[in-house]
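S.K.: can't give you the sequence, but here's the structure:
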């Protein structure tokens, strides 16, 4: 078996579609584990010498029982896993090595409190000795130490290099089928374990045949020890178990700022937090958050609104919480931020100071003292940058050198609550990682545990009560985005439906600012380690990883997904708002393409295919804007103001995409001159700008969409709210289909849709026929002139886009034909109403 290092990229814990309703609720186990294995590619550090593993992660403990070096030699050689469990359990439980703990055979019992996914039956699990396992044998929420047993060495998930082999060229991962299965199983158990507990790290004993490896997991990856013969050399396992049993809770990986609630606190939670009662049994817990002056605040939590489905990455949790001292309910957010990102708590404080509306109000919290990953400390920045050079040379492109500039270093023991800025990467003050294999490292990201409290416990966007309510909520969130940019210089960078919440008063807020950055920082270009990631775009998923670190697939802009640019702009975020409105309008409100809703949503918002260049699928989204492939000229929503908004917003985004693609060569030329050159020249209206970059466009700023929201919300022809109740059409369509139609539809959804032609009718609107005409009611003229010789875009009193030059203007609405009438015949060669408006507007009057 060959073990030469492949050098492929790694899959990021990206946020693929979560709200489309089109994906199966349960993935096949093999598919899920393949994704988990991909997510950890290049994130295993090893093989670490066993002595170093024990020294780094487990302090010495005196008084260890005296056992022989061959204590575990009586473990029988087995051909089946289940024949190994009881001898393993008996040898450890009877050894005296784990005082206060017990090993339990959990391999025949799944966790009854798991909420989703396959029901897992882990190999022997270590619990606190006092834990009652009579009714529930497997309890991931109580697991202290995980073990995984395999009958022979062929199941090893890793492969140690032979003596004399160049470790830099050695693939540490066992790429055999058995090896991949073992590795993905290990990741799966660790993922479930970490999702059920508040942990900074955890340990696994991986036994295969006569060998053992130790694994330490955290939110940055995992450190794996060398394998050793535990039967003939039992000392390492004896020492590990004794040291582990003498670690305090924090040493075993538990979050020291989370504890189980006492009985009185449990009673309070069951009363005050009953609205968020968890679906499966979960303990009531208490979070402690340090505040200034050495004081602390305590928040009771019960039901988690979101549990992390990934072992690595941000791993966000969200809790409604109750504080007894103030008798108030709050919202707690818990996650692991990348070191290169600002603290979300600081971003919220900045927005609050600048009086930005429709954002959560920060109460307290920040980085947690001691909450920092350690896996990353075994890979230096220089090694990560050397890997980027190696990947470029491997791809035949070594034209760009990678510099070795290193900014400030971070001491992982420093006070994480300090007010100092977080440097761009941790620097070279690292631990000894000379043992590790491979050189094509994905930059392993150092992460800080970040937890804070805000004032708003919001409801999901899809709980709106009418189409107008939906638009008001999204408009509020858009106002927050605009003010954050204009008043505080902050770009959100992750606008999605999950990040727009509805308050108790019915308004909207833009939430989740953990990916936000200052616009000024983005204009300077990516920091060193971010450029390193960007230069790896030839590998399997590295481009997708670099892009999707900035958002959610369903609502990311076409140009960002296509690789037109890699740094999120305000225009990318504004396109996301348009996609959010379009998605919810299609899914929850009546229109004349009802029968095709599932096809449209799947093609535009969910369709993704993994290729050698990363995930593809954005082409359908792009075709929607540029070619009206899905939202055709005869598409019509029953609600006139919503229909008007959707049509105009699509045209606004289309113009941006068209002009950006036309301007790309000139933009690349200016960006090559250095960071910030393009933005500086544009801000100063420099004469150095090529003519293609001086055109005023609708999305140059927020104002056009502000006007669209305003004209839409002030329209007079909104439906009566009692007759405009949102209805999720997807389950209705599913129920209406015959089994053979559902099977055919599933096959169809697997293909691409950009060029597919489908027949469309205007009779799908419930009870309205063709008489429900679009009404344009905008009364806002927002002409933006940049001098008498510059054309500017405006909205006419009819609500249509217009162009003005000097004192004259002409409307893009044809005075000779009703372009909003789906039955209106268009001129020869004209495919859409938009083209017809341009066609008629270009004719001399």
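M.R.: All right, it came through fine. Only a predicted model underlies this, so the values are computations on that prediction, with no experimental measurement involved. Numbers count the residues shown, from 1 in each chain.

S.K.: what about the helices in the stretch 601-750 of the chain?
M.R.: With DSSP state H, counting those that start in this stretch as the criterion, the stretch 601-750 of the chain has helices at 618-627, 640-671, 677-683, 703-713, 729-736, 739-749.

S.K.: tell me what the first one is packed against?
M.R.: Counting contacts by 3 or more CB pairs under 8 Å, 6 or more residues apart in numbering; DSSP states H and E, helix 618-627 is packed against helix 558-562, helix 640-671. Placement of C-beta: from N, CA and C, glycine included.

S.K.: quick one: buried residues of the last one?
M.R.: It refers to helix 640-671. 640-657, 659-660, 663, 667, 670 (16 or more other CB atoms under 10 Å).

S.K.: ok, residue 251 - how many residues close by?
M.R.: Using other CB atoms under 10 Å, residue 251 has 16 other residues around it.

S.K.: I figured it was touching residue 144, is that so?
M.R.: No - counting by CB atoms under 8 Å, residue 251 does not reach residue 144; the two are 11.4 Å apart.

S.K.: and the helices of the stretch 601-750 of the chain, which one is worst for confidence?
M.R.: Ranked by mean pLDDT, these end with helix 739-749 at the bottom, a mean of 51.

S.K.: Output the lowest mean pLDDT helix or strand found in this structure.
M.R.: Of all helical and strand segments in the chain, the minimum by mean pLDDT, DSSP states H and E falls on strand 808-811, at a mean of 35.

S.K.: Is it correct that residue 238 is in contact with residue 98?
M.R.: No - counting by CB under 8 Å, residue 238 stays clear of residue 98, with 10.8 Å between them.

S.K.: And these two? Which one has more around it.
M.R.: residue 238 (22 against 19).

S.K.: got a list of what the more buried one touches?
M.R.: When contacts are counted by CB atoms under 8 Å, 6 or more residues apart in numbering, residue 238 is found next to 64, 67, 71, 95, 97.

S.K.: how much space is there between the nearest residue to the second one once chain neighbours are set aside and residue 57?
M.R.: Closest residue in space to residue 67, ignoring its immediate chain neighbours: residue 238 at 5.4 Å, by CB to CB, 6 or more residues apart in numbering. Residue 238 sits 16 Å away from residue 57, going by CB to CB, to the nearest Å.

S.K.: can you check residue 554 too?
M.R.: Counting by CB to CB, the gap from residue 554 to residue 57 is 39 Å.

S.K.: neighbour count winner among the two?
M.R.: It is residue 554, of residue 554 and residue 57, that has more neighbours when counted by other CB under 10 Å, with 24 against 21.

S.K.: so where is the chain shaky, pLDDT-wise?
M.R.: 1-26, 381-429, 440-443, 524-551, 609-617, 675-676, 678-688, 690-694, 738-845 (pLDDT under 70).

S.K.: can you rerun that using 50?
M.R.: Low-confidence segments of the chain (pLDDT under 50): 1-24, 390-428, 528-548, 745-845.

S.K.: What about the closest residue to residue 233 other than its chain neighbours, how many residues nearby?
M.R.: Among residues not flanking residue 233 along the chain, residue 69 sits closest, at 6.1 Å (CB to CB, 6+ apart). By other CB under 10 Å, the residues close to residue 69 number 13.

S.K.: swap in residue 482?
M.R.: Residues near residue 482, counting by other CB under 10 Å: 21.

S.K.: residue contacts, it?
M.R.: Neighbouring residues of residue 482 by CB under 8 Å, 6+ apart: 702, 706.

S.K.: hmm, try it at 10 Å
M.R.: 356, 357, 358, 570, 573, 574, 701, 702, 703, 705, 706 (CB atoms under 10 Å, 6 or more residues apart in numbering).

S.K.: where's it relative to residue 570, distance?
M.R.: For residue 482 relative to residue 570 (CB to CB), the value is 9 Å.

S.K.: Need the residues touching each of these two.
M.R.: What both residue 482 and residue 570 touch, as defined by CB under 10 Å, 6+ apart, is the set 701, 702.

S.K.: Just the endpoints, please. Distance across stretch 451-464?
M.R.: 29 Å (CA to CA, to the nearest Å).

S.K.: typo on my end, it should be stretch 594-603
M.R.: 15 Å.

S.K.: Tell me how many other residues surround residue 572.
M.R.: 26.

S.K.: Phi, psi for it please.
M.R.: Dihedral angles phi and psi of residue 572 (degrees, to the nearest 10) take the values phi -60, psi -40.

S.K.: for it, what are its contacts?
M.R.: Applying CB under 10 Å, 6+ apart, the residues contacting residue 572 are 491-493, 495, 550-551, 555-561, 564-565, 656, 699.

S.K.: host element of residue 203?
M.R.: Under the criterion of DSSP states H and E, residue 203 resides in strand 201-208.

S.K.: could you point out which element follows that strand?
M.R.: Next along from strand 201-208, by DSSP H and E: strand 211-218.

S.K.: and the angle for that following strand with strand 201-208?
M.R.: In terms of direction (axes from the mean of the first three to the mean of the last three CA atoms, to 10 degrees), strand 211-218 departs from strand 201-208 by 160 degrees.

S.K.: which other helices and strands contact strand 211-218?
M.R.: With contacts defined as 3 or more CB pairs under 10 Å, 6 or more residues apart in numbering; DSSP states H and E, the packing partners of strand 211-218 are strand 44-48, helix 50-57, strand 145-150, helix 177-196, strand 201-208, strand 221-225, strand 228-229, helix 235-245.

S.K.: Try it again at 6 Å.
M.R.: When contacts are defined as 3 or more CB pairs under 6 Å, 6 or more residues apart in numbering; DSSP states H and E, strand 211-218 packs onto strand 201-208, strand 221-225.

S.K.: how about the helices in the stretch 251-400 of the chain?
M.R.: Applying DSSP H, counting those that start in this stretch to the stretch 251-400 of the chain gives helices spanning 263-272, 344-353, 381-394.

S.K.: rewinding a little: as a markdown table, the helices and strands packed on strand 211-218 with mean neighbour count would be great.
M.R.: A markdown table is the format used below for those (neighbours: other CB atoms under 10 Å):
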| stretch | mean neighbour count |
| --- | --- |
| strand 201-208 | 23 |
| strand 221-225 | 26 |
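
S.K.: now the ones you listed as a markdown table including distance to residue 583?
M.R.: Converted to a markdown table, the helices and strands packed on strand 211-218 look like this (distance: least, CB to CB, whole Å):
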| stretch | distance to residue 583 |
| --- | --- |
| strand 201-208 | 38 |
| strand 221-225 | 34 |
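
S.K.: and of those, who's closest to residue 372?
M.R.: strand 201-208 (10.5 Å; CB to CB).
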